[in-house]
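1. predicted model and sequence below, questions to follow.
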Amino acid sequence: MSTPTEHGRHEAAQQVPAQHVPVQDVPVQDVPVQDVPAVRQRQSVWVDFKDAVSLRTVALILGVLFLQLGFILSYVGAFHAPTPQKIPLAVVSASPQISDQSVAKLNAIVGSPLAAATLADRATAERQIRSGQISAALIINTQGTADTMLTSSGGGVSVASAVTEVVDRVEASQQRTVTAIDIVPLQGGDGRGLTGFYLVIGWIVGGYLVAALLGVSAGARPSTPRRAYFRLGAIVPYAILSGLGGTLIVDQVLGALTGHFWTLWWLGALLVAAAATVTMAFQVLFGVLGIGITVLVFVVLGNPSAGGAYQTTLLPPFWRWLSNGLPNGAGTDAVRRIVYLGSSGITGHLVVIAGYVVVGAVIAAGGSLLTHRRAASPAGVATVDGQ
């Protein structure tokens with residue numbers, strides 16, 4: 001039995017309403033990860049992934065993959081099976097009948113590795129070899145079985161080797177012998193004739209890198225036409241210094257290509273300007289993606305088709321077709337002709353390279369002007385305000 005005092009306290013306790021305790025004051029135990037629903041986990045991972053890797057990043061990664069695979073395809077496709085195609089060869093003989101018969105046999109070879117034609121005398125053949133009109137000449141000895149072939153390693157080592165191999169086989173099948181004489185030999189420091197090719201690559205790489213650097217440091221697309229003009233202007237002294245530096249290295253420092261200092265200097269400046277202005281044009285048109293397009297043009301397509309390791313007459317049709325239409329190929333053959341072939345036949349190459357300079361500069365300046373006007377128009381302002 002409870003006392004009256006205890007009974008009163010019991011009734012008072014029943015009359016006092018229960019107070020609400022805030023949730024934050026209630027201690028909460030850590031919930032194990034395995035108790036979180038799997039759907040919520042997947043959603044969280046997907047949100048974190050999208051935060052770490054944006055769609056733009058994915059697109060850029062796919063672009064890099066495309067360039068990488070394109071690089072492999074282009075280089076291996078161009079170089080994996082070099083095959084001579086219609087190498088220009090002269091046939092000289094004291095007997096017109098023998099000359100005609102030899103030309104017919106050489107042109108009938110399966111695959112058409114040679115494009116043979118008759119010439120009247122050895123002096124004419126030598127003159128055409130030294131000017132790059134033909135690659136070699138077969139001098140047939142009508143008094144015996146020992147023939148002579150004139151070649152030009154300066155005009156292309158791989159071509160000279162290929163034509164020698166083909167003619168050797170033909171001569172052996174007729175129980176004849178042939179002795180090759182290199183009448184345009186390489187300079188002492190120009191191993192395998194590759195110096196000019198690497199010189200051109202260096203100039204072109206410098207050109208597109210300086211344009212890319214200007215874009216990265218101050219925006220791929222110039223914000224005003226004035227800024228685009230200044231960037232184009234900055235390319236001029238860089239191109240001149242780059243052309244000078246490259247020529248000093250191969251001529252004065254290494255002694256690899258000597259005797260044509262001034263011509264090579266200004267050819268180098270032109271090549272650097274071509275690569276730089278084209279890169280700027282791509283940046284104006286496509287923004288940062290323009291740098292990737294530049295790599296596609298000059299590295300993935302330009303270098304394998306340039307005729308460095310293998311001259312164009314040994315490349316597959318696609319790369320042979322590209323060669324003289326890109327600064328890489330035009331520049332490489334121009335260097336070869338300047339150093340070894342008396343600068344014969346370089347006019348077309350100079351026109352191609354200068355054309356890239358002009359077109360690149362016009363697109364870069366004109367594209368920047370149009371972009372600026374579009375942004376300043378009411379529609380462009382409304383678009384910017386709406387972002």
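-> Structure received.

2. verify the stated contact: residue 368 with residue 227.
-> Yes. The criterion here is C-beta atoms under 8 Å, and residue 368 meets it with residue 227 at 7.5 Å. Any C-beta I mention is one placed from the backbone N, CA and C, and that applies to glycine too.

3. more crowded one of the two?
-> residue 368 (25 against 16; other C-beta atoms under 10 Å).

4. which SSE is that one in?
-> Per DSSP states H and E: residue 368 is located in helix 347-376.

5. from the contact counts, what lies against that helix?
-> Counting contacts by 3 or more C-beta pairs under 8 Å, 6 or more residues apart in numbering; DSSP states H and E, helix 347-376 is packed against helix 225-248, helix 261-286, helix 327-340, helix 378-386.

6. and the third one, how far out from the chain middle?
-> So that's helix 327-340. 16 Å (C-alpha atoms, centre = their mean, to the nearest Å).

7. could you list the buried residues of it?
-> Of the residues in helix 327-340, 327-340 count as buried by neighbour count, 16 or more other C-beta atoms under 10 Å.

8. possible to save those as JSON lines with pLDDT and distance to residue 351?
-> Shown next, in JSON lines, are the buried residues of helix 327-340 (pLDDT from 0 to 100; distance: C-beta to C-beta, whole Å):
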{"residue": "327", "pLDDT": "97", "distance to residue 351": "12"}
{"residue": "328", "pLDDT": "97", "distance to residue 351": "16"}
{"residue": "329", "pLDDT": "97", "distance to residue 351": "14"}
{"residue": "330", "pLDDT": "98", "distance to residue 351": "9"}
{"residue": "331", "pLDDT": "98", "distance to residue 351": "13"}
{"residue": "332", "pLDDT": "97", "distance to residue 351": "16"}
{"residue": "333", "pLDDT": "97", "distance to residue 351": "13"}
{"residue": "334", "pLDDT": "98", "distance to residue 351": "11"}
{"residue": "335", "pLDDT": "98", "distance to residue 351": "16"}
{"residue": "336", "pLDDT": "97", "distance to residue 351": "17"}
{"residue": "337", "pLDDT": "97", "distance to residue 351": "14"}
{"residue": "338", "pLDDT": "98", "distance to residue 351": "15"}
{"residue": "339", "pLDDT": "98", "distance to residue 351": "20"}
{"residue": "340", "pLDDT": "98", "distance to residue 351": "21"}
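
9. closest to residue 168 out of the residues you listed?
-> Compare each of the buried residues of helix 327-340 with residue 168 using C-beta to C-beta and the shortest gap goes to residue 340, at 23.6 Å.

10. test my guess that that closest one contacts residue 182.
-> No. In this structure residue 340 lies outside contact range of residue 182 using C-beta under 8 Å: 11.1 Å.

11. need the overlap of contacts for these two.
-> residue 152 (C-beta atoms under 8 Å, 6 or more residues apart in numbering).

12. and stretch 147-155, C-alpha only, in PDB?
-> Presented in PDB, the C-alpha positions along stretch 147-155 are these (Å, rounded to 0.1, in the frame of the first residue of the first chain):
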ATOM      1  CA  ASP A 147      76.700  -2.500-118.100                       C
ATOM      2  CA  THR A 148      76.800   0.700-116.000                       C
ATOM      3  CA  MET A 149      74.100   2.300-114.000                       C
ATOM      4  CA  LEU A 150      74.200   5.900-112.800                       C
ATOM      5  CA  THR A 151      72.400   6.600-109.500                       C
ATOM      6  CA  SER A 152      71.800   9.500-107.100                       C
ATOM      7  CA  SER A 153      71.900   8.800-103.400                       C
ATOM      8  CA  GLY A 154      71.500  12.600-102.900                       C
ATOM      9  CA  GLY A 155      68.200  12.400-104.700                       C
END
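
13. could I get the average pLDDT for that stretch?
-> Per-region confidence: stretch 147-155 scores 97 on mean pLDDT.

14. can you check stretch 238-257 too?
-> 97.

15. which other residues reach that stretch?
-> The contact list for stretch 238-257 (C-beta under 8 Å, 6+ apart) reads 187-190, 195-196, 199, 202-203, 206-207, 210, 258-261, 264-273, 276, 335, 339.

16. give me the buried subset of these.
-> 187, 190, 195-196, 199, 202-203, 206-207, 210, 258, 260, 264-265, 267-273, 276, 335, 339.
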